[in-house]
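*Asks:* just need the structure, nothing else, for what follows:
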Amino acid sequence: MKLYSYIVTSDTGFSPNPFWGKCTLACCKPIIRKTADPGDWVVGIRGKSLYNKLGLEKTSDASTTYKIIYAMKVSEKISFKDYFRRFPEKRPDYSKAEAIYNRGDNCYKPLGNGDYKQLESMHTRKNKEKNKEKDLNGKFVLIADQFYYFGSKPLDIPENLSNLICGRGHKCDFDKSTQNIFREYITSRKFGVKARPSLWNENDKSWKQ
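*Replies:* Model prediction:
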């Protein structure tokens, strides 16, 4: 088992996408998606960037700023082609008003020649081509049946897991003791979606499935 941690800079319900009974990581974090395997854990942490986006009160207390947005135990690692075929409910759909539909991360339609058509999604609003290159460079999509998504009500990071906090990129050099402490801490919670994503309209209840 490996444990990966990284800073979530934009918690919109897109990356990760915790809906429809599976937590998926199909966009962003290409190195994690390339190297993580089934049985590994990925944990996303709120950092200063997201804290500031939310307009929260300024603080020098790291325990207030850094909290766990989500954690997923990888159950499958599949190609974008297989993802598009197997998970149509995760495709972005802008014909519906509810946010859960237009936050879909299954936004790369295979063209049959090794290339993909980028569907309208959260990653076509800005830096479209750059996002496509980065997303597809990850080669794989991570799927989790067992996941814990806290979103706008992030989970505290206890002092004995403070080394989960990282800078740019990610960390995955955790020793067995840290892995075991983390696994015990996170699995003591009930899995599933606990709250709306941090950057989500409070009046949109579509995240409650």
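*Asks:* count of neighbours near Gly104?
*Replies:* 26 (other C-beta atoms under 10 Å). (C-beta placed from N, C-alpha, C; glycine too.)
*Asks:* ok, it - contacts?
*Replies:* Counting by C-beta atoms under 8 Å, 6 or more residues apart in numbering, Gly104 makes contact with 14, 17, 89-93, 121.
*Asks:* show me those residues that map onto helices.
*Replies:* Assigned to helices by DSSP state H, none of these qualify.
*Asks:* scan this protein for its longest helix.
*Replies:* helix 176-187.
*Asks:* most distant residue from the middle of this protein?
*Replies:* For the chain, the residue at maximal distance from the C-alpha centroid (C-alpha atoms, centre = their mean) is Asn113, at 28.5 Å.
*Asks:* distance of that one from Lys81?
*Replies:* Distance of Asn113 to Lys81, given as C-beta to C-beta, to the nearest Å: 12 Å.
*Asks:* ditto for Gly39
*Replies:* 23 Å.
*Asks:* which of those two has more residues huddled nearby?
*Replies:* Lys81 (16 against 10).
*Asks:* ok so the more buried one is a helix residue?
*Replies:* Yes: applying DSSP: H, G, I helix; E, B strand; the rest coil, one finds Lys81 inside a helix.
*Asks:* please renumber the chain so that the first residue is 56 from this point on.
*Replies:* Yes, from this point I'll number from 56; that puts the last item at Lys136.
*Asks:* so who does the nearest residue to it once chain neighbours are set aside touch?
*Replies:* Leaving aside its sequence neighbours, Lys136 sits nearest to Pro165 (C-beta to C-beta, 6 or more residues apart in numbering; 4.5 Å). By C-beta under 8 Å, 6+ apart, the contact list for Pro165 reads 135-136, 139, 171.
*Asks:* so how far is Lys132 from Pro165?
*Replies:* 17 Å.
*Asks:* all strands of this structure, in order?
*Replies:* 58-63, 78-80, 96-101, 122-128, 131-134, 163-165, 171-173, 195-199, 201-204, 210-211, 247-248 (DSSP state E).
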